[in-house]
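Chemist: I need the structure of the sequence given here:
(one chain, ligands or ions: 1)
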Amino acid sequence: MSFNQKHLLELEHLTREEIETILDTARQFKQTFQRSKKKVPTLVGKTVVNLFFENSTRTRTSFEIAAKRLGADVLNFSASTSSLSKGETIIDTARTIEAMGSDVIIVRHSCPGAPHLLAKKVQSSIINAGDGCHEHPTQGLLDIFTMREKKGKIEGLNVAIIGDLSHSRVMRSNVWGLLKLGAKVTLVGPKTLVPRAFEKFGCKICYSLREGIAEADVINLLRIQLERQQQNLFPSIREYKLLYGLNGKSISWARDDVMIMHPGPVNRGVEISQQIADGPLSVINEQVTNGVAIRMAVLFLLSHPSGK
Ligand code: CP
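Modeler: So this is what the prediction gives:
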């Protein structure tokens, strides 16, 4: 067991051993999910704060459930009704919360690096719950956990990540984690949405959906993030759907046992059809369940360095 980090800011700078420690710890926590009493009170007396400056359904609620299962007190901070609207900075906001006794602050912000800044300015452990287009480490971890659980291993696994890759913090966290654990990653999408820079880190780049998914063990689909695009990067949603949407026809280009993933929220009928999203190859709901196990593991490990 190897984990001595105070913060979880990104997967890019974690070691393979640290990532495997989180995955193994999450597997142990997941075993408690079938119990009638699901609490594992290892964080009793600790205070965990959800500090979200962007909307969230899955990440915020699963951090809340994870912290409560561990016995922590949880505060959900509402940015829209806070004194941020009067001009208070995020540093002053975080320091104000910390003065009330927080131990862990979970931050989502549209600005890449916002959690890193707070990690320098406050004493609490900081967890990045998504910073702009940079990283979403717990999403990357829960995706990798789901792949390992379903496919048995990550080493040698062919993973195709498809969609709006340029704007995706989920893609970046998946890529760093998967490459460290020995997977083969193919990035698939229109030229305007695939960052070629990842080729030098070992990713294969592919502009054809048919070619990109032919050998895939896992397909991870991403949402088109119109809210982060500053210009029109493809002609229309209709055209994107025709060329890169996963549906009854395009799924026939993949292996019969391919696993379909999506971090959510899903644009049904755009990157994935209803039939595929709800079909037997999809593990979208299991990803959500695994998110609780991963977030319990991260909260536990940050609060108990090296398992103490
Ligand atoms: N996958 C993800 O981050 O979803 P939310 O935006 O709902 O948290």
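
Chemist: where's the one residue in the stretch 101-250 of the chain that gets nearest to the ligand, which helix or strand?
Modeler: Of the stretch 101-250 of the chain, the residue with the smallest distance to the ligand, taken as Cβ to the nearest ligand atom, is Q139 at 5.2 Å. Every C-beta, even on glycine, is put in place using the N, C-alpha and C of the backbone. If you go by DSSP states H and E, Q139 is part of helix 137-151.

Chemist: From the chain's centroid, how far away is that helix?
Modeler: 9 Å (Cα atoms, centre = their mean, to the nearest Å).

Chemist: Check the gap between I284 and I205 for me.
Modeler: As for I284, its distance to I205 is 26 Å (criterion: Cβ to Cβ, to the nearest Å).

Chemist: about what we covered before: the residue of the stretch 101-250 of the chain closest to the ligand: what's it in contact with?
Modeler: Shown in contact with Q139 (Cβ atoms under 8 Å, 6 or more residues apart in numbering): T59, G130, R169, V170, S173, N174, P263, G291.

Chemist: Give me the secondary structure label for the first one.
Modeler: When you say that, I think you mean T59. Following DSSP: H, G, I helix; E, B strand; the rest coil, the label given to T59 is helix.

Chemist: partner residues bridging A160?
Modeler: A160 forms beta bridges with T186, I219, as assigned by DSSP bridges.

Chemist: Count the residues that sit near it.
Modeler: Neighbour count for A160, taken as other Cβ atoms under 10 Å: 25.

Chemist: was I right about it contacting I213?
Modeler: Yes: in this structure, A160 is within contact of I213 by Cβ atoms under 8 Å, at 5.1 Å.

Chemist: So for I272, what pLDDT did the model give?
Modeler: Confidence at I272, expressed as pLDDT, is 96.

Chemist: need the contact list for it.
Modeler: L221, G245, L246, N247, I260, H262, V266.

Chemist: Check the spacing between the residue of the stretch 101-250 of the chain closest to the ligand and I91 real quick.
Modeler: Counting by Cβ to Cβ, the separation of Q139 from I91 is 25 Å.

Chemist: Then Y244?
Modeler: Taking Cβ to Cβ, one finds Y244 at 40 Å from I91.

Chemist: Check T21 and give its pLDDT.
Modeler: For T21, the model assigns a pLDDT of 98.

Chemist: Same question for the one 5 residues further on.
Modeler: pLDDT for A26: 98.

Chemist: Would you double-check that it falls in a helix?
Modeler: Yes: the assignment for A26 by three-state DSSP puts it in a helix.

Chemist: if I look at the residue of the stretch 201-308 of the chain found nearest the ligand, how far off is V104?
Modeler: The minimum distance from the stretch 201-308 of the chain to the ligand, using Cβ to the nearest ligand atom, falls at P263 (3.9 Å). Distance check for P263 against V104: by Cβ to Cβ, it reads 22 Å.

Chemist: same question, G156
Modeler: Taking Cβ to Cβ, one finds G156 at 35 Å from V104.

Chemist: Pull the residues that contact the worst-scoring helix or strand of the chain on mean pLDDT.
Modeler: The helix or strand of the chain with the poorest confidence is helix 237-244; it has a mean of 90 (mean pLDDT, DSSP states H and E). Outside helix 237-244, the residues within contact range by Cβ under 8 Å, 6+ apart are I162, G163, V188, G189, P190, L209, I224, F234, G269, V270, E271.
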